[in-house]
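Trainee: no FASTA, just this:
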């Protein structure tokens with residue numbers, strides 16, 4: 001009996017080729033290739049293609065916490081000042 005691609009062969013599938021990725025958290029990290037099919041880890045650059053417009057939208061800037069970016073507009077307003085001490089409020093009132 002020849003086993004095709006259908007019902008009989010599905011029972012034999014119990015090895016996992018992919019596991020969780022450290023970078024993106026998806027189950028797309030190929031164990032033998034040791035690369036992620038979703039984000040391209042361990043490549044330095046994130047995997048991204050223009051034909052996957054929706055995928056770009058899901059993981060683009062602004063979909064996360066933006067810990068660094070959200071403070072830039074405020075710092076820009078003040079001229080990116082660093083260090084130093086605040087001027088006394090008492091002297092200004094007098």
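Mentor: Right, received. Where do you want to start? Fair warning: this is a prediction, and the values are worked out from it, not measured in the lab.
Trainee: shouldn't residue 48 be in contact with residue 56?
Mentor: Yes: in terms of C-beta atoms under 8 Å, residue 48 counts as a neighbour of residue 56; the distance is 6.1 Å. No exception for glycine: its C-beta is placed from N, CA and C like everyone else's.
Trainee: what about this structure, any weak spots by pLDDT?
Mentor: Counting by pLDDT under 70, the chain shows low-confidence ranges at 92-94.
Trainee: Can you tell me which residue is spatially central in it?
Mentor: Nearest to the geometric centre of the chain sits residue 24, at 5.3 Å (C-alpha atoms, centre = their mean).
Trainee: Might you report the residue contacts of that one?
Mentor: The neighbours of residue 24, taking C-beta atoms under 8 Å, 6 or more residues apart in numbering as the test, are 36, 38, 39, 41, 59.
Trainee: Just the buried ones out of these, please.
Mentor: 36, 38, 39, 41 (16 or more other C-beta atoms under 10 Å).
Trainee: What does residue 36 show for phi and psi?
Mentor: phi -90, psi 130 (degrees, to the nearest 10).
Trainee: That one contacts residue 25, doesn't it?
Mentor: No: with contact defined as C-beta under 8 Å, residue 36 and residue 25 do not form a contacting pair (9.9 Å).
Trainee: ok, back up a step: closest to residue 10 among the contacts of residue 24?
Mentor: residue 38 (24.6 Å; C-beta to C-beta).
Trainee: so the closest one makes contact with residue 28?
Mentor: Yes: with contacts counted by C-beta under 8 Å, residue 38 reaches residue 28, the gap being 3.9 Å.
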